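Trainee: 3D model of this:
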Amino acid sequence: MQLVVGKIGRAHGIKGDVSVEVRTDEPELRLGPGAVVLTDPASTGPLTVESGKVHSGRLLLRFAGVNDRNAAEALRGTILISEVDPEERPDDPEEFYDHQLIGLDVVLLDGTPVGELTEVVHLPYQDLLTVEKADGTEVLVPFVTRIVPTIDLENQRVVIDPPPGLIDAADAVVVNDESEAEAVVEDADAVVEDAAAEGEDVAGGAVTGESAGGDV
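Mentor: Predicted coordinates for the structure are as follows:
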C-alpha cells in the first residue's frame, strides 16, 4: 500500500536542501535518514533521504544525489510516497490511517445508519470525514471526539453524535430568541474549542496516524 507522506517545497540554501510539507504523523519513520520514498511524478524518484532537520518550524530534507540549489528546486512540487504494509497499524490505538477508515459504516449513537465513510479530508487545523448517505448526498463530519466518539474497526463502523442539522438540514435548530441564539453559539464555540484542542494533538500525531497524508 502506498501513502502520501509529504510534498517538496522550495529549495533552501545552496547545498540541495528542500523544505517539505509533511503529510504524515510519523515523519521520523517515513522521512528519516535512509528512508527511500517513491515520487509523483515517478520520473523524479525514488529518492533516498540523506539528512533532515527542522528549521524555523519547517522540515528540511536533503536527498542523495541532490547537491545544489538548482537540483533541489527541480524537485519542487514532487509528492513523496511511502510503501506501507497494509497490515501495519499506528502504535497509538487512538490513531488511524485513512485506509482503515474509508469504507466503514457510519451510524448514530442509537445505531441508526447514516451512510458510508468515503474520504478523510485533511485541513490544516481539523480533519473532516466525508460521509455518503444512502441518497447519494455527502456530508462532512468534523473528526473530533465530541462528534465522533467511537471508531470501531472490529465491527467496521464509526459512531457519530452530530449536532442538529449536520446530517439532515430538517433537524437544524431554529432560533426563536436571543437566549437560544446564545446557547447555539456556546455549543458551536465548544465544538470549535474541542477541534482546536485536538488539532494541537494532531500536530503532535495523535488523532489520525498518516492523517496529513492519505492513500494514493
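Trainee: ok, which stretches of this structure are helices?
Mentor: Secondary structure of the chain (DSSP state H): helices at 27-30, 69-73, 98-101, 178-203.
Trainee: weakest of these in terms of mean pLDDT?
Mentor: Lowest mean pLDDT within the helices of the chain: helix 178-203, a mean of 55.
Trainee: tell me where the model's unsure across this protein.
Mentor: The chain contains residues with pLDDT under 70 at 124, 169-216.
Trainee: contacts only, for Ala134.
Mentor: Contact analysis of Ala134 by CB atoms under 8 Å, 6 or more residues apart in numbering lists Pro113, Gly115. For the C-beta atoms, the positions are set from N, CA and C on the backbone; glycine is no exception.
Trainee: what about it, distance to Val49?
Mentor: 45 Å (CB to CB, to the nearest Å).
Trainee: again with Asp40
Mentor: Asp40 is 17 Å from Val49, by CB to CB.
Trainee: what do you get for Glu26?
Mentor: In terms of CB to CB, Glu26 sits 13 Å off from Val49.
Trainee: ok, Asp40 and Val49, which is more surrounded?
Mentor: Taking neighbours as other CB atoms under 10 Å, Asp40 and Val49 compare with Val49 leading, 19 against 16.
Trainee: burial check on the nearest residue to the more buried one once chain neighbours are set aside, number of neighbours?
Mentor: Nearest residue to Val49 in three dimensions, chain neighbours excluded: Ala35, at 4.6 Å (CB to CB, 6 or more residues apart in numbering). Residue crowding around Ala35 was assessed by other CB under 10 Å; the count is 19.
Trainee: so who does Ala35 touch?
Mentor: Leu29, Thr48, Val49, Ser82 are the contacts of Ala35 under CB under 8 Å, 6+ apart.
Trainee: tell me the phi and psi of it?
Mentor: Main-chain dihedrals, Ala35, degrees, to the nearest 10: phi -70, psi 140.
Trainee: and it, how far from Val5?
Mentor: 9 Å.
Trainee: Glu94 too?
Mentor: 20 Å.
Trainee: with neighbour numbers in mind, choose between the two.
Mentor: Using other CB under 10 Å as the criterion, Glu94 and Val5 rank with Val5 on top: 27 against 12.
Trainee: quick one on the thing from earlier: buried subset of the contacts of Ala35?
Mentor: Val49, Ser82 (16 or more other CB atoms under 10 Å).
Trainee: out of the contacts of Ala35, who's nearest Asp161?
Mentor: Leu29 (32.9 Å; CB to CB).
Trainee: quick one, what contacts that closest one?
Mentor: For Leu29, the contacting residues are Ala35, by CB under 8 Å, 6+ apart.
Trainee: what about it, distance to Pro86?
Mentor: Taking CB to CB, one finds Leu29 at 16 Å from Pro86.
Trainee: so Asp25 sits against Glu94, correct?
Mentor: No. Asp25 is beyond contact range of Glu94, at 11.3 Å (criterion: CB atoms under 8 Å).
Trainee: start and end of stretch 9-28, how far apart?
Mentor: 18 Å (CA to CA, to the nearest Å).
Trainee: can I assume Asn67 is in contact with Lys15?
Mentor: Yes. The criterion here is CB under 8 Å, and Asn67 meets it with Lys15 at 6.9 Å.
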